[in-house]
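[1] Kindly return the folded structure for what I paste below:
(chains A and B)
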Amino acid sequence: MKGLLGRYGAPLLMILPSILLIGVFVYGLLGANFWTSMTDNHTAGQASGRKPVVFVGLSNYLDLLATEDFRHSLVNLVLFTVTFLVGALVVGFVWAWLLERPIVGGRAFQTVYLFPMAISFVASGVVWRWLLNSNQGESASGLNRLFQMIGLDSLQNPWWNNVTFGITAIALPAIWQLSGYVMALFLAGFRGVPEELREAARMDGASEWQVYRLVIFPQLTPVLMSAVVIIAHMSLKSFDLIMSISSPSAYQTKVPAVDMFVFKSSFDYANSAAVGAFLLIIIAFLIIPYLVQQHRSRTR
Amino acid sequence: MRRRNFLLLSGTGLAATGLAACGSSGGSGSDGGGGSDVEVFTWWAQGSEKAGLDALMEQFEKDYPDLTFVNGSVAGGAGSAAKDMLQSRLQAGDPPDTFQAHAGLELADYIDAGQLEDVSSLYEEYGLTEAFPDDLVQLLTVEDEIYSVPSNIHRSNVVWTNTALLEAAGIDPSAVPADVDAFIADVEKAAASGVTGLSVGTTWTQVNLLEAILMADLGSAGYNGLWDGGTDWSGKDVTTALEHFSALMELTNSDRDGLDWTDATQQQIDGTAAYNVMGDWAVASFQQAEWADGEDFGYYPLAGGDEKIFGFLADSFTLPVGAPNPDGAKAWLDTISSQEGQLAFSLAKGSIPARTDVDTADFPAYQQTAIESYAADTICSSLAHGAATPVAWLNQISDATSKFTTGASDVAGYQEELATIAESNTSA
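    You can find the predicted model right below:
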């Protein structure tokens, strides 16, 4: 007993504060959220504890899934995430590949591409709301006006005001902001491949393309995994960017995070918590396999 | 060395933020503790709203020199940031001494949560029952109790016109359309002349337009019945009103969802839109542009028949349960409901007094007409501004309206959805 204490006592004492804090503020509150989502806490009176709250099991979840509006939000979330993810990964990867070889001004480009990440989503949202103005023809402004000026009138479109695909227009600013970050991740990955490997491959007669395809790209897989997880979870949580371009009640840009906010402001805490739980579950599907894989590769 | 400096710097930064956070929370915790501070929570942080609050503060300090006004205004999101914060503060049992809220059913949730004191005794004490119009007092009364004191009144159902564009389209700017059909005909005529017929902004401005049409088409009895179950949402009259709404939305600008009301009014000032339906705070924009009342711009309430309706919303102040300084809050309610307070506030903010016994000589031309019809017309509660329904109902109507105006549902589907929403909210 004394030996155990001597061995684990000091380290335990060191991490105890963070275990407690995380236990209460992350897992404790997650528990509270799940509990709220399984009650009938739909009114302000119940939220303040003045009226009784009854356990209703999963009925809030089922009711939400049964409404066409919530399914529309989920579809929007998928559209947004796919566009954002594919866009940011492709653009970021291509930039990293181009800048991987030493070229004149490469550093400057790296900085330029990385800069948008330093802007808050709210600030860039305000600018992009203007750029993505949906007017066409005479009263057009923003990107639509730009298309007119360079003679590409046919490219004009209503952007985020399209009922079905409007949400993908909001992925544009998100891609613009995060591509630089993905580029930085991939650049680090490229730099992590030892020069000797490339030389060895060339000695064996591999063409430049083969060096990339067979030697370097496979080694970027862990970077790709991280990038996917980081971008996808950001996309699932997206709220500020959507809110600063659109508005909470705009049907075309509804996503679960927005629903959560609207339910909360309607004093419907149970449904708000249920939407939050949905988001958490979706993110868990993404993060848990990643953590398991990370753990395996580390302990191997 | 450089690295250590960096750590040191970031450490100091963190410590400073930490200290600042402690300082501010300590500050708000001790508000009112001394007995003389009165924390007034509002979202009036800029523009004419701030000017109004300043005018009230001045009057308050004159009336109650031994009390200290503490400005608890929270900026952002047309009040949504403030409401969010208020919700958490009330929930946590840390209410301000008094807070701003739209009068009417927007307060229903706070009442339901047991967070507001009944202030009807103050109405007697300050003689407000006689000073306010009967219609208004009735609309404010919830089961024989009143939970807020209005500081000023705005009108929501006003049509604003750009006189020059109307003349160019061959419309007589001084003629007032007799009903909504005539109004649509005018807007169509204006649109045919090459400008936007009716400018509108994001969802809440569309709901504002919808409510003006509902008031005009259904009349006061029919409109009020929408909220207490007296009018059938699936009825023919509502269908007509929604068809009118649909016809008018066809004539609006396509970038509406990205615009606020100021942008929609700006389109009129820029000469690209002929008509706009908005609450009477819009008059401030025309005044800023130095447009002459009656020459450059005109206005009239949207009417549907002989009945004259005043769509009202009111800013009001409350007495929260557990306020640190209830006597200070009552003093504040006295100031904002007094003749001097209401006059000073409305002059600065561009609204009209809720009392009918205030000397109106100093008000500009538009407010004069509003004061006149406020005293004479039937008063109906505004939907878009929280007077007619609780927040949840309004949010659901806004969602359904956005769905309709973006083209995801048709008139029949929209009406069905509105009827379902009304059913679920009146049964609860």
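
[2] what residues are up against residue 253?
    Just going to use chain A. A:76, A:160, A:166, A:167, A:170, A:242, A:245, A:246 (C-beta atoms under 8 Å, 6 or more residues apart in numbering or on different chains). C-betas here are computed from N, CA, C, even on glycine.

[3] Not quite, go with chain B.
    Shown in contact with residue B:253 (C-beta under 8 Å, 6+ apart): A:135, A:139, B:196, B:199, B:200, B:259, B:264, B:267, B:273.

[4] which residue packs closest to residue A:234, ignoring adjacent ones?
    In space, and not counting its chain neighbours, residue A:234 is closest to residue A:178: 7.1 Å by C-beta to C-beta, 6 or more residues apart in numbering or on different chains.

[5] Report how many residues lie close to that neighbour.
    24 (other C-beta atoms under 10 Å in any protein chain shown).

[6] what separates it from chain B, distance-wise?
    To chain B, residue A:178 is 23 Å away according to C-beta to the nearest C-beta, to the nearest Å.

[7] next one: residue A:280
    Distance from residue A:280 to chain B, by C-beta to the nearest C-beta: 21 Å.

[8] Up against chain B, what does chain A have?
    A:43-45, A:47-48, A:50-51, A:69, A:72, A:129-130, A:132-136, A:139, A:158, A:160-161, A:163, A:166, A:245-252, A:254, A:262, A:264-268 (C-beta under 8 Å from any C-beta of the partner chain).

[9] So how do I select the buried members of those residues in ChimeraX?
    In ChimeraX, this line selects whichever of these come out buried by 16 or more other C-beta atoms under 10 Å in any protein chain shown:
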select /A:43,44,45,47,48,69,72,129,132,133,134,135,136,139,158,160,161,166,245,246,247,248,249,250,251,252,254,262,264,265,266,267,268
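
[10] before we move on, the earlier item: out of the contacts of residue B:253, which one has the lowest pLDDT?
    Taking the contacts of residue B:253 together, the minimum pLDDT is found at residue A:139 (79).

[11] Tell me which residues touch it, please.
    B:196, B:253, B:255, B:272.

[12] Rebuild those as JSON lines, extending it with secondary structure and distance to residue A:100.
    Output for those, formatted as JSON lines (DSSP: H, G, I helix; E, B strand; the rest coil; distance: C-beta to C-beta, whole Å):
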{"residue": "B:196", "secondary structure": "strand", "distance to residue A:100": "51"}
{"residue": "B:253", "secondary structure": "coil", "distance to residue A:100": "47"}
{"residue": "B:255", "secondary structure": "coil", "distance to residue A:100": "42"}
{"residue": "B:272", "secondary structure": "coil", "distance to residue A:100": "50"}
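
[13] Which one of these is nearest to chain A?
    residue B:255 (4.4 Å; C-beta to the nearest C-beta).

[14] in the stretch 201-300 of chain A, which spans are helices?
    Here the stretch 201-300 of chain A has its helices, by DSSP state H, counting those that start in this stretch, at A:208-210, A:217-219, A:221-237, A:240-245, A:256-265, A:269-299.

[15] so what does the fifth one touch, helix or strand wise?
    Counting by 3 or more C-beta pairs under 8 Å, 6 or more residues apart in numbering or on different chains; DSSP states H and E, the packing neighbours recorded for helix A:256-265 are helix A:68-100, helix A:240-245, helix A:269-299, helix B:80-91, helix B:391-405.

[16] Run the angle between the first one and helix B:391-405 for me.
    It refers to helix A:68-100. Angle, helix A:68-100 to helix B:391-405, by axes from the mean of the first three to the mean of the last three C-alpha atoms, to 10 degrees: 70 degrees.

[17] Which positions in the helix or strand just after helix A:68-100 come out as buried?
    Scanning forward in sequence from helix A:68-100 by DSSP states H and E, the next helix or strand is helix A:106-114. For helix A:106-114, the neighbour count (16+ other C-beta under 10 Å) marks A:109, A:110, A:113, A:114 as buried.

[18] Which pair of the contacts of residue A:253 spans the longest distance?
    The span of the contacts of residue A:253, defined through C-beta to C-beta, is set by A:76 and A:245 at 13.5 Å.

[19] who's in contact with the residue lying closest to residue B:398 once chain neighbours are set aside?
    Leaving aside its sequence neighbours, residue B:398 sits nearest to residue A:249 (C-beta to C-beta, 6+ apart; 3.9 Å). Listed by C-beta under 8 Å, 6+ apart, the contact set of residue A:249 reads A:262, B:203, B:204, B:395, B:398, B:399, B:401, B:402.

[20] Now do the contacts for the last one.
    It refers to residue B:402. By C-beta under 8 Å, 6+ apart, residue B:402 lies in contact with A:249, A:250, A:251, A:252, B:203, B:206, B:257.

[21] my guess is the third one meets residue B:403, correct?
    Which is residue A:251. Yes. Here residue A:251 reaches residue B:403: they are 4.2 Å apart, a contact under C-beta atoms under 8 Å.

[22] if we can go back for a sec, now the contacts of residue B:402 as TSV including distance to residue A:216 and pLDDT?
    Formatted as TSV, these follow (distance: C-beta to C-beta, whole Å; pLDDT from 0 to 100):
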residue	distance to residue A:216	pLDDT
A:249	48	89
A:250	44	92
A:251	46	93
A:252	42	93
B:203	50	93
B:206	54	96
B:257	46	90
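
[23] Now for those residues: which two are most distant?
    Farthest pair in these, by C-beta to C-beta: A:252 and B:206, 13.4 Å.

[24] Find the helix or strand that the residue nearest to residue A:234 is a member of.
    Element membership of residue A:178, judged by DSSP H and E, is helix A:166-192.

[25] before we move on, back to that, distance to residue B:214 and pLDDT for the contacts of residue A:253 - can I get that in JSON lines?
    Putting the contacts of residue A:253 into JSON lines (distance: C-beta to C-beta, whole Å; pLDDT from 0 to 100) gives the following:
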{"residue": "A:76", "distance to residue B:214": "30", "pLDDT": "96"}
{"residue": "A:160", "distance to residue B:214": "29", "pLDDT": "90"}
{"residue": "A:166", "distance to residue B:214": "28", "pLDDT": "91"}
{"residue": "A:167", "distance to residue B:214": "31", "pLDDT": "94"}
{"residue": "A:170", "distance to residue B:214": "32", "pLDDT": "94"}
{"residue": "A:242", "distance to residue B:214": "30", "pLDDT": "94"}
{"residue": "A:245", "distance to residue B:214": "30", "pLDDT": "91"}
{"residue": "A:246", "distance to residue B:214": "25", "pLDDT": "91"}
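
[26] What's the end-to-end length of stretch A:202-211?
    End-to-end span of stretch A:202-211 (C-alpha to C-alpha, to the nearest Å): 7 Å.

[27] no wait, stretch A:140-157
    10 Å.

[28] could you give me the average pLDDT of it?
    Stretch A:140-157 comes out at a mean pLDDT of 87.

[29] any idea of the pLDDT on the residue most central in space within chain B?
    Geometric centre of chain B, nearest residue: residue B:385, 4.4 Å, by C-alpha atoms, centre = their mean. pLDDT recorded at residue B:385 is 92.

[30] from what I can see residue B:239 touches residue B:411, true?
    Yes. Taking contacts as C-beta under 8 Å, residue B:239 lies within contact range of residue B:411: 7.1 Å.

[31] Quick check, residue A:259 in contact with residue A:67.
    No. Residue A:259 is not in contact with residue A:67 according to C-beta under 8 Å; the separation is 9.9 Å.

[32] Please identify which of those two sits among more neighbours.
    Set residue A:259 next to residue A:67 and count neighbours by other C-beta under 10 Å: residue A:259 wins out with 26 against 11.

[33] Helices of the stretch 251-400 of chain B, start to end?
    In the stretch 251-400 of chain B, the segments counted as helices under DSSP H, counting those that start in this stretch are B:261-269, B:283-288, B:326-337, B:339-349, B:365-376, B:391-405.
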